[in-house]
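Engineer: sequence plus predicted model, see below.
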Amino acid sequence: MDLTESQKSAVAQWFADGATLDEIQKRIKSEFGVHMTYLDLRLMVAELPQPDEAEPEEKPAENPDEQEDPAAPDAEVPESQNAAEEQEPSDDSAEMANVTVDLDAITIPGTMASGGVTFSDGTKGKWYLDRYGRLGLDAGPGYRPPPADAALFQARLMELLRSRGMI
């Protein structure tokens, strides 16, 4: 069951306040009456905007006559616009689509499911779901997949598990 936007914002606040996923899962059950699996909660929290990703709100000028004309030669261009202009278009979107997830024919002992993953940078790893629904990933010491790859991996893993009737 999906949460409403107000419920998601409450979960985001709990997470930002430092609550663990287990604590959040219990609060969702007690406050909203919604049972959410650990994996579903983990995926939902991964999709929440991170505090450093949140875009700052622009404050309107107190006097409308004082607003700067962006076309004026002396007007400052916001940093976000400069960054967007400096970035060159890339073919990263095609590369990010190159995340593959497969399921082991024989699962790792002590797990519900296990399999392999290949990220867009060519790094291969093994994933598993333990009996509590917690996701584990081993792709080498210290390896962290790019955020877009991680999100795509989780989405494809959910699709794979749903197609096999495992969730």
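Structural biologist: Here it is on my side, so go on.
Engineer: you'd agree W127 is up against T118?
Structural biologist: No - using Cβ atoms under 8 Å, W127 makes no contact with T118, being 11.1 Å away. Bear in mind the C-beta positions are built from the backbone N, C-alpha and C, glycine included.
Engineer: more neighbours: those two, which one.
Structural biologist: Each of W127 and T118 has its neighbours counted (other Cβ atoms under 10 Å); W127 has more, 23 against 17.
Engineer: hang on, I108 packs against G116?
Structural biologist: No - under the criterion of Cβ under 8 Å, I108 lies out of contact with G116, with a separation of 11.2 Å.
Engineer: can you list residues touching both of those two?
Structural biologist: Residues touching both I108 and G116 (Cβ atoms under 8 Å, 6 or more residues apart in numbering) are K126.
Engineer: can you tell me the SS state at V117?
Structural biologist: Reducing the assignment to helix, strand or coil with DSSP: H, G, I helix; E, B strand; the rest coil, the entry for V117 is strand.
Engineer: start the count at 800, not 1, going forward
Structural biologist: Got it, first residue is 800 now, which makes that one V916.
Engineer: partners of it in the sheet?
Structural biologist: Here V916 shows beta-bridge partners V900, G924, assigned using DSSP bridges.
Engineer: quick one: low-confidence ranges for this protein?
Structural biologist: When the per-residue scores of the chain are filtered using pLDDT under 70, the ranges that remain are 800, 848-896.
Engineer: again, 50 this time
Structural biologist: 851-855, 863, 869-872, 874, 876-895 (pLDDT under 50).
Engineer: just the strands in it please.
Structural biologist: Under the criterion DSSP state E, the chain carries strands at the ranges 899-902, 910-917, 923-929, 934-937.
Engineer: thanks a lot, catch you later.
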